[in-house]
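# sequence plus the predicted model coming up.
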Amino acid sequence: MNHFLDIHKTDKAALRGIIDQAKATKQARLNRPKAALDDDLPLKDRMVALIFEKPSTRTRVSFDVGVRQMGGQTMVLSGSDMQLGHGETIADTARVLSRYVDMIMIRTFDETVLTEMAEFASIPVINGLTDRTHPCQIMADVLTYEEHRGPIQGKKVVWCGDGNNVCASFLHAAGQFGFDFTFTGPAQLDPEPEFIGLARNQGVEVIIERDAEKAVAEADLVVADTWVSMHDSQSSKERRHNMLRSYQVNEALMAKAKPDALFMHCLPAHREEEVTSAVMDGPQSVIFDEAENRLHAQKAIMRYCMEG
Ligand code: CP
Ligand code: NVA
C-alpha cells in the first residue's frame, strides 16, 4: 500500500511519476469546467475522508475538488468533532475509518498522529500538513517551478525566514529532486539538523547564510512563508517578528537574485510582513499558480496511493 507521508519517504521514481502525471492530467483538463470529470476515473466508487485538526483553505478545497474530478466522493471532518478529539486512540480511529472509506488525508499537529494513523489504517494515508512537514505543498511547488522554468534539478532555491514545516519539505525535495538549498533566517529558527543532513547525504548543497542579500545571490527561486505558523503560540508573535524582520522578501531583496528568479509562497501570506505586496503581485511571483497546482499535484498523489 502506498501512503504519502513525506517526500523523503517516497521513492524518487514515484515522485517524478507524480509530477509527470500531474502535468499530463492538468493539460488534459484545459478549458474544461471545474466540476467536469477527468477522462479516467481512478476514484470511481471511492470515498475519501479529509480530516482537519487545523484551519485550511487550499488543502481543503483542492482535495475535495480533486477527488470529485477523479470520480470519487469526500467527507470533510474536523478533528474536534470526531471522537479522535475526545480521547479515542488514533489506532482505533484508523481501524474504524478503514472499514468505511478508501483513503484518508489528515492535517494535524503532532507528526505521530499521522504516522500512527498510517501504521494502523489498512488504506492509504496522505499528509495534509503537520507541525513538522507539508509534502503536498512542495510537490505543487516543484510542478510550478518546472512549468515556468523547466527541470528544477541543479537549481538554487533560497528559503527566507522561519525554518518551519514547509521549509522542511523543501529540504526533503532538495535531496530527492536534486536542487541546492540555501536557508536564510535567524539561528533560533534554523531547520532541523536531521532534515539538513538528509539533503546533504543525497549530494545536494545546503547552505545556511544569515545575511539575506548574500543568500539570494544567484537564486533561481526565492521562497517565503508566514513568520507565525498555526502550531506556534500567539504569544511568540512579537518575538518572532523582531527576529525575522530583516528577512522580509521585498523588491530590493528580489533584485539581488537572478533576473529570472521566481517567487513562491504557499499562502496564506501576511502582506507587508514576510513579503511585500509589490513582490506578491509582481512579475516574478507565481503564488496563484502554486495554489492551483495543489489540485493537480494532489490528484496525482491520490492516484499513486490508490495504485499501490
Ligand atoms: N498552503 C496551504 O496549505 O494552505 P491552507 O492552509 O489554506 O490549506
Ligand atoms: N507554515 C504554515 C503553513 C501553512 C500552510 C503553518 O504551518 O501554519
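Alright, I've got the coordinates. Ligands and ions are numbered 1, 2, ... in the order given.
# tell me the residue of the stretch 101-250 of the chain that sits nearest ligand 1?
Gln137 (5.4 Å; CB to the nearest ligand atom). Just so you know, the C-beta spots here come from the backbone N, C-alpha and C atoms, and that holds for glycine as well.
# run a quick neighbour tally on whichever residue of the stretch 201-308 of the chain sits closest to ligand 1.
With CB to the nearest ligand atom as the measure, Cys266 is the residue of the stretch 201-308 of the chain nearest to ligand 1, at 3.9 Å. Around Cys266 there are 26 other residues, counting by other CB atoms under 10 Å.
# contacts only, for the closest residue to it other than its chain neighbours.
Distances taken as CB to CB, 6 or more residues apart in numbering put Gln137 closest to Cys266, at 4.8 Å, once the chain neighbours are dropped. Neighbour list for Gln137: Leu129, Val166, Ser169, Cys266, Arg294 [criterion: CB atoms under 8 Å, 6 or more residues apart in numbering].
# tell me the most packed of the residues you listed, by neighbour count.
Ranking those using other CB under 10 Å puts Leu129 first, with 28 neighbours.
# I'd guessed it sits against Ala168; true?
No - between Leu129 and Ala168 there is no contact under CB atoms under 8 Å: 10.9 Å.
# can I get the contacts of Gln137 in TSV including pLDDT, secondary structure and distance to ligand 2?
Converted to TSV, the contacts of Gln137 look like this (pLDDT from 0 to 100; DSSP: H, G, I helix; E, B strand; the rest coil; distance: CB to the nearest ligand atom, whole Å):
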residue	pLDDT	secondary structure	distance to ligand 2
Leu129	98	coil	6
Val166	99	helix	5
Ser169	98	helix	10
Cys266	98	coil	5
Arg294	99	helix	10
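# closest to Glu213 out of those?
Val166 (22.3 Å; CB to CB).
# ok, the closest one - contacts?
With CB under 8 Å, 6+ apart, Val166 has these contacts: His134, Gln137, Ile138, Asp225, Cys266.
# now do 10 Å
Contact analysis of Val166 by CB atoms under 10 Å, 6 or more residues apart in numbering lists 129, 133-135, 137-138, 141, 159, 223-226, 229, 264-266.
# which of those residues sit farthest apart?
So, the contacts of Val166 by CB to CB: farthest apart are Pro135 and Ala224, at 18.7 Å.
# flag every residue of this protein that's near ligand 1.
With CB under 6 Å from any ligand atom as the criterion, the chain meets ligand 1 at residues Ser56, Thr57, Arg58, Thr59, Leu129, Gln137, Cys266, Leu267, Pro268.
# in helices only, show me the residues you listed.
Arg58, Thr59, Gln137 (DSSP state H).
# and of these, the nearest to Ser122?
Thr59 (23.7 Å).
# please report the distance of the closest residue to that closest one other than its chain neighbours from Ile104.
Of all residues not flanking Thr59 in the chain, Gly128 sits nearest, at 4.9 Å (CB to CB, 6+ apart). Counting by CB to CB, to the nearest Å, the gap from Gly128 to Ile104 is 9 Å.
# comparing the two, which residue is more hemmed in?
Shown here are Gly128 and Ile104; by other CB under 10 Å, Gly128 has more neighbours (28 against 25).
# who touches that one in this structure?
So Gly128 contacts 4, 50-54, 56, 58-60, 62-63, 104-108, 114, 134-137, 298 (CB under 10 Å, 6+ apart).
# spatially central residue in the chain, please.
In the chain, the residue lying closest to the centroid (CA atoms, centre = their mean) is Gln137, at 1.8 Å.
# which residue is the nearest non-sequential neighbour of Gln83?
Sequence neighbours aside, Thr93 is the residue nearest to Gln83 in space, at 7.1 Å (criterion: CB to CB, 6+ apart).
# surely the one you found is within a helix?
Yes - Thr93 forms part of a helix when assessed by DSSP: H, G, I helix; E, B strand; the rest coil.
# just the buried positions in the helix or strand harbouring Glu292, please.
Taking DSSP states H and E as the criterion, Glu292 maps to helix 287-307. Residues 287, 289-306 are the ones in helix 287-307 that count as buried (16 or more other CB atoms under 10 Å).
# tell me who's in contact with Ser236.
Taking CB under 10 Å, 6+ apart, we find Ser236 in contact with Trp227, Val228, Met243.
# what's the answer for Leu189, then?
The neighbours of Leu189, taking CB under 10 Å, 6+ apart as the test, are Gly161, Asp162, Gly163, Asn164, Cys167, Phe183, Trp227, Arg240, Met243, Leu244, Tyr247.
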